[in-house]
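Enquirer: Here's my sequence, what's the structure:
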Amino acid sequence: MSSSEPVRSSAPRTALVVGASGITGSALVDRLVSEGWGVLALSRRASSAPGVRGIAADLRSPESLEEALAGERPTHVFFTAWQRQATEAENIAVNSAMVRDLLAALVHAPLEHVALVTGLKHYLGPFEAYAAGEMPDTPFHEDEPRLDTPNFYYAQEDELFAAAERQGFTWSVHRSHTVIGHAVGNAMNMGLTLAVQATLVNELGLDFVFPGSAEQWNGLTDMTDSGVLAEQMVWAATDPAGANEPFNIVNGDVFRWRWMWPRLAGHLGVDPARVVGFEGQARPLEQQMAEHESAWAGIAEKHGLVESDITRLASWWHTDADLGREMEVVTDMGKSRAAGFLSYRQTERSFADLFARYRAERLIP
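Expert: Numbers count the residues shown, from 1 in each chain. Predicted coordinates for the structure are as follows:
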């Protein structure tokens with residue numbers, strides 16, 4: 001599944017970041033710019049910034065990609081985008097085609113490395129068959145065989161491997177757990193979702209209720225800071241030890257939600273008397289918050305917040321899915337540690353820094 005490794009060039013590097021406005025893509029762009037890379041940011045609507053040139057293209061249109069990328073010559077691609085579909089069959093068709101067509105549109109480019117972000121559903125199964133069959137023991141290791149279940153992550157990997165063989169670049173796959181990082185309008189954003197929940201709690205006099213399962217409340221788990229994910233992707237793209245390998249990527253610490261939940265409440269200014277843990281059954285945020293969503297516009301006006309549309313801030317369904325899992329989810333980081341990637345983040349600090357940034361940007365009070 002690997003290509004023969006090309007000689008890595010010392011010439012200036014140009015990165016094409018696909019999904020540059022998302023949680024992972026934003027962190028990648030920041031890191032690449034800080035390291036002096038030339039950065040191309042591909043999205044449906046081109047958005048440029050200092051050190052970044054936006055490219056407008058539709059990932060679901062081969063013609064659009066060919067036209068947009070015909071004159072571009074990136075040396076590295078960081079693919080962080082996906083589009084959720086109604087079924088896994090559709091997820092496979094759409095998301096594998098985006099990888100295939102993007103790389104086909106760069107057949108003329110001097111590609112050295114392509115990095116792809118996937119996640120722990122590689123081990124757990126896709127949304128519609130989530131934890132439905134036999135899964136590997138935790139902590140998850142990269143050498144586990146694929147599950148006997150169709151999965152768009154597998155289809156994306158296969159397109160990546162095939163293109164690497166044809167076009168002669170190296171590759172890496174980065175399997176993250178739930179990503180903590182900055183974005184707005186993102187479909188999977190636990191940090192901002194919990195900040196919005198806490199804001200509604202504080203403004204409306206509600207309880208800050210843990211929405212998930214007993215297993216998540218009591219068991220060990222881990223998470224992925226978008227900054228450490230970006231670091232690993234750049235490391236794998238530039239260090240020979242990272243070539244042609246899949247890597248798990250989490251912060252390096254483990255915790256129990258029964259410990260983390262009151263600590264996050266403290267960072268979000270929630271009265272300790274209103275912090276409620278698991279009590280007998282899961283209480284999903286989609287149900288908890290449904291009757292309170294309409295209050296957000298008034299809260300935004302009261303505090304001068306910049307976003308009055310709560311649907312661009314809170315992804316209740318995704319946080320419910322993560323915290324509602326009825327199994328332990330812990331990830332092994334030994335493979336990339338042994339290869340030389342040693343970065344670490346403290347998860348509580350990741351959350352606290354993110355909440356402070358959202359306050360500074362007037363997304364929460």
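Enquirer: for stretch 103-110, which positions count as buried?
Expert: 103-106, 109-110 (16 or more other CB atoms under 10 Å). Where you see a C-beta, it was placed from the backbone N, CA and C, and this is true even at glycine.
Enquirer: do the same with stretch 65-77
Expert: Using 16+ other CB under 10 Å as the test for burial, stretch 65-77 gives 65, 68-69, 72, 74-77.
Enquirer: any chance of those residues in JSON lines, plus pLDDT, secondary structure and distance to residue 233?
Expert: Conversion of those to JSON lines gives the following (pLDDT from 0 to 100; DSSP: H, G, I helix; E, B strand; the rest coil; distance: CB to CB, whole Å):
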{"residue": "65", "pLDDT": "98", "secondary structure": "helix", "distance to residue 233": "21"}
{"residue": "68", "pLDDT": "97", "secondary structure": "helix", "distance to residue 233": "22"}
{"residue": "69", "pLDDT": "98", "secondary structure": "helix", "distance to residue 233": "20"}
{"residue": "72", "pLDDT": "97", "secondary structure": "coil", "distance to residue 233": "20"}
{"residue": "74", "pLDDT": "98", "secondary structure": "coil", "distance to residue 233": "14"}
{"residue": "75", "pLDDT": "98", "secondary structure": "coil", "distance to residue 233": "14"}
{"residue": "76", "pLDDT": "98", "secondary structure": "strand", "distance to residue 233": "9"}
{"residue": "77", "pLDDT": "98", "secondary structure": "strand", "distance to residue 233": "11"}
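Enquirer: Output those residues as JSON lines; include the columns distance to residue 299.
Expert: Shown next, in JSON lines, are those (distance: CB to CB, whole Å):
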{"residue": "65", "distance to residue 299": "41"}
{"residue": "68", "distance to residue 299": "40"}
{"residue": "69", "distance to residue 299": "43"}
{"residue": "72", "distance to residue 299": "43"}
{"residue": "74", "distance to residue 299": "43"}
{"residue": "75", "distance to residue 299": "46"}
{"residue": "76", "distance to residue 299": "42"}
{"residue": "77", "distance to residue 299": "41"}
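Enquirer: Go through the buried residues of stretch 103-110 and name the one nearest residue 171.
Expert: residue 103 (10.0 Å; CB to CB).
Enquirer: List the contacts of the closest one.
Expert: 77, 111, 114, 159-160, 163, 167 (CB atoms under 8 Å, 6 or more residues apart in numbering).
Enquirer: quick one: it and residue 116, what's the gap?
Expert: Residue 103 sits 10 Å away from residue 116, going by CB to CB, to the nearest Å.
Enquirer: can you list residues touching both of those two?
Expert: Joint contacts of residue 103 and residue 116 (CB under 8 Å, 6+ apart) are residue 160.
Enquirer: just the helices in the stretch 201-350 of the chain please.
Expert: 214-218, 226-238, 257-267, 285-288, 296-303, 316-323, 334-339, 347-360 (DSSP state H, counting those that start in this stretch).
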